[in-house]
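Visitor: sequence and predicted structure, then a few things I'm wondering about:
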Amino acid sequence: MSDTQRWSDLSSQQKKSGLAAWLGWMFDGLDMHIYTLVAVPFVALLLKLPETDPEVGKHGALINAAFLVGWALGGAFFGRLGDLIGRSRALCLTILTYACFTGLSAASTEWWHLMAFRFLSALGIGGEWAVGASLLSETWPKRWRPWIAATLQTAVNVGVLLACVAGWAMKGVEPRWIFLVGVVPAFLVLWIRHAVPEPEEWHAARQNAGKPPGILDLFQGEVASTTWRVLAICGVSLTAHWTFMYWQQAYIRKLPEVVGLEGAARNQAALVALTCVMAGSIVGNFLAGWLASIFGYRRTIAVMCLAYGALMLVAFGQTLSHGTALGFMVAIGVCQGVFGLFTMCLPPLFPVLLRTTGAGFCYNFGRIVAACGTVYFGRYTSVTNVGEALFYAGLLFFPAAVLAWWLPERREG
């Protein structure tokens, strides 16, 4: 694989695995962010309260926290499954899980119904990251991997943009029906099972192994130090990131130029802001890939975490006009390219038969910490001043940058 220089040099298996992972991640982004678009109006509808009632924000934060916990558990469960039954098979199961339960969210009649469905859909979304990342790290050439990471992360952004398009197309419709769009990824499974084989590296490792390693092996021997370091950087950085991703919608809705608008107009303003974030993130993915190819993963992750935190402090430490806020949304989106680097950086840090288990558990464990952060910022800070919560969340990126220097060097094979 090291001699592969051009697209035409790639094998059919490499191209199919890349397309499968890209599409899986795109629909990840779609199903992931459908909720953030309708969180306020749909939760208000389920609670039978006005959108401005503080209980709407508190219950919405709990639902998002349940989603993040499900994401973490799904990363561990399906990551383990990917090591046991294979990457392609596990990928199919993750997509079916998040597609089915996202669709079922439309049937919610109580707020806790929605929380349960979001938790279950998140199991598949978290698992898909671990399985897809390992699939590509085992099939694509090493020199291509920073750019593959950028391309994969862009798939998530495209999925979020598709969610925005669905939001625009379904404006004026009761918020619950947008969740039915999330069923579409289920049809992708039919192609993956037929066209995407298991990686040769996984087959070889399975044949040569005796008893497969388990989750506890992540905390034993030489692997243990890697596990703890990856857990630390993921936990801190994802808490800050997901606080921003959830509360930025509420922040835009509360801006002086937006708060007085009618409901549909406020929803449109939130959609525009999220689109700005995703447009910046697409640029940031490739910027991160380019920087990583020059300076390496650790330095690039550290610098982009510093930039992310600095922008959040500047943006949310003052009162912004609507137009200026949108400019900051683009800039912060660029910094989000840092998370694309984890895709190719983390799996090779673990042995082959602990690869999806390790990457899935460690990266997605950060979601549990992030879930606690989401609930904290939603329940124990002033929800009338969302900018305050975002300001303090931005401070977390500074220890994340320090922790990035402690990430171990990559191992191949």
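Guide: In hand now; what should we look at?

Visitor: which helices and strands sit right next to the top helix by length along the chain?
Guide: Criterion DSSP state H: the longest helix present in the chain is helix 12-47. Judged by 3 or more C-beta pairs under 8 Å, 6 or more residues apart in numbering; DSSP states H and E, the packing partners of helix 12-47 are helix 54-85, helix 87-104, helix 111-137, helix 145-169, helix 188-195, helix 223-253, helix 263-295. C-beta coordinates here come from the backbone N, C-alpha and C atoms, glycine included.

Visitor: any idea which of these scores lowest on pLDDT?
Guide: Looking at the helices and strands packed on helix 12-47, the lowest mean pLDDT belongs to helix 188-195 (a mean of 80).

Visitor: pick the most deeply packed of the helices and strands packed on helix 12-47.
Guide: helix 111-137 (a mean of 27; mean count of other C-beta atoms under 10 Å).

Visitor: what angle separates it from helix 87-104?
Guide: 160 degrees (axes from the mean of the first three to the mean of the last three C-alpha atoms, to 10 degrees).

Visitor: all strands of the stretch 301-413 of the chain, in order?
Guide: Ranges of strands in the stretch 301-413 of the chain, per DSSP state E, counting those that start in this stretch: none exist.

Visitor: quick check: which ranges of it have low pLDDT?
Guide: Screening the stretch 301-413 of the chain residue by residue with the criterion pLDDT under 70, one finds the ranges 366-367, 369-371, 373-384, 409-413.

Visitor: just the helices from it, written as ranges.
Guide: 322-335, 338-345, 355-379, 386-394, 397-404 (DSSP state H, counting those that start in this stretch).

Visitor: ranking the ones you listed by burial, who's on top?
Guide: helix 338-345 (a mean of 27).

Visitor: sorry, back to before: same list (the helices and strands packed on helix 12-47) but as JSON lines, adding distance to residue 323.
Guide: Output for the helices and strands packed on helix 12-47, formatted as JSON lines (distance: least, C-beta to C-beta, whole Å):
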{"stretch": "helix 54-85", "distance to residue 323": "25"}
{"stretch": "helix 87-104", "distance to residue 323": "33"}
{"stretch": "helix 111-137", "distance to residue 323": "33"}
{"stretch": "helix 145-169", "distance to residue 323": "19"}
{"stretch": "helix 188-195", "distance to residue 323": "39"}
{"stretch": "helix 223-253", "distance to residue 323": "12"}
{"stretch": "helix 263-295", "distance to residue 323": "11"}
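
Visitor: between those, which gets nearest to residue 393?
Guide: Minimum separation from residue 393 across the helices and strands packed on helix 12-47 (C-beta to C-beta) falls at helix 223-253, 3.8 Å.

Visitor: between helix 397-404 and the closest one, find me the angle.
Guide: 160 degrees.

Visitor: tell me the helix or strand right after helix 223-253.
Guide: Using DSSP states H and E, the helix or strand that follows helix 223-253 in sequence is helix 256-259.

Visitor: for that following helix, which helices and strands make contact with it?
Guide: Using 3+ C-beta pairs under 8 Å, 6+ apart as the contact test, the elements touching helix 256-259 are helix 263-295, helix 322-335.

Visitor: cutoff 10 Å now
Guide: Using 3 or more C-beta pairs under 10 Å, 6 or more residues apart in numbering; DSSP states H and E as the contact test, the elements touching helix 256-259 are helix 223-253, helix 263-295, helix 322-335.

Visitor: contacts for that helix?
Guide: 52, 251-253, 265-266, 268-270, 273, 319-323, 325 (C-beta atoms under 10 Å, 6 or more residues apart in numbering).

Visitor: that one: how far from the chain's middle?
Guide: Distance of helix 256-259 from the chain centroid (C-alpha atoms, centre = their mean, to the nearest Å) equals 29 Å.

Visitor: mind listing what's buried along that helix?
Guide: residue 258 (16 or more other C-beta atoms under 10 Å).

Visitor: contacts only, for the closest residue to residue 199 other than its chain neighbours.
Guide: Of all residues not flanking residue 199 in the chain, residue 138 sits nearest, at 4.0 Å (C-beta to C-beta, 6 or more residues apart in numbering). Residue 138 makes contact with 17, 87, 198-202, 205, 347-348, 352, 355-356, 413 under the criterion C-beta under 10 Å, 6+ apart.

Visitor: residue 108 now?
Guide: Residue 108 sits next to 42, 43, 45, 46, 63, 114, 115, 116, 117, 118, 176, 179 when contact means C-beta under 10 Å, 6+ apart.

Visitor: hmm, residue 320 is touching residue 390, no?
Guide: No: using C-beta atoms under 10 Å, residue 320 is not in contact with residue 390, being 11.2 Å away.

Visitor: any common contacting residues for the two?
Guide: Residues touching both residue 320 and residue 390 (C-beta under 10 Å, 6+ apart): residue 251.

Visitor: if we can go back for a sec, need phi/psi at the residue nearest to residue 199.
Guide: Backbone torsions of residue 138, given as degrees, to the nearest 10, read phi -100, psi -10.

Visitor: just send the contacts of residue 108 back as TSV, with distance to residue 187 too.
Guide: Compiled in TSV, the contacts of residue 108 are given as follows (distance: C-beta to C-beta, whole Å):
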residue	distance to residue 187
42	25
43	29
45	29
46	29
63	27
114	24
115	27
116	24
117	20
118	22
176	22
179	17
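
Visitor: which members of those are the farthest-apart pair?
Guide: The largest separation in the contacts of residue 108, counting by C-beta to C-beta, is between 45 and 116 at 17.0 Å.

Visitor: thinking again about what came up before, quick one: which of the helices of the stretch 301-413 of the chain is nearest residue 169?
Guide: helix 322-335 (21.6 Å).

Visitor: helices or strands up against the closest one?
Guide: Judged by 3+ C-beta pairs under 10 Å, 6+ apart, helix 322-335 is in contact with helix 223-253, helix 256-259, helix 263-295, helix 297-316, helix 386-394.

Visitor: can I get those helices in a markdown table with distance to residue 123?
Guide: Output for these, formatted as a markdown table (distance: least, C-beta to C-beta, whole Å):
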| stretch | distance to residue 123 |
| --- | --- |
| helix 223-253 | 17 |
| helix 256-259 | 34 |
| helix 263-295 | 24 |
| helix 297-316 | 27 |
| helix 386-394 | 25 |
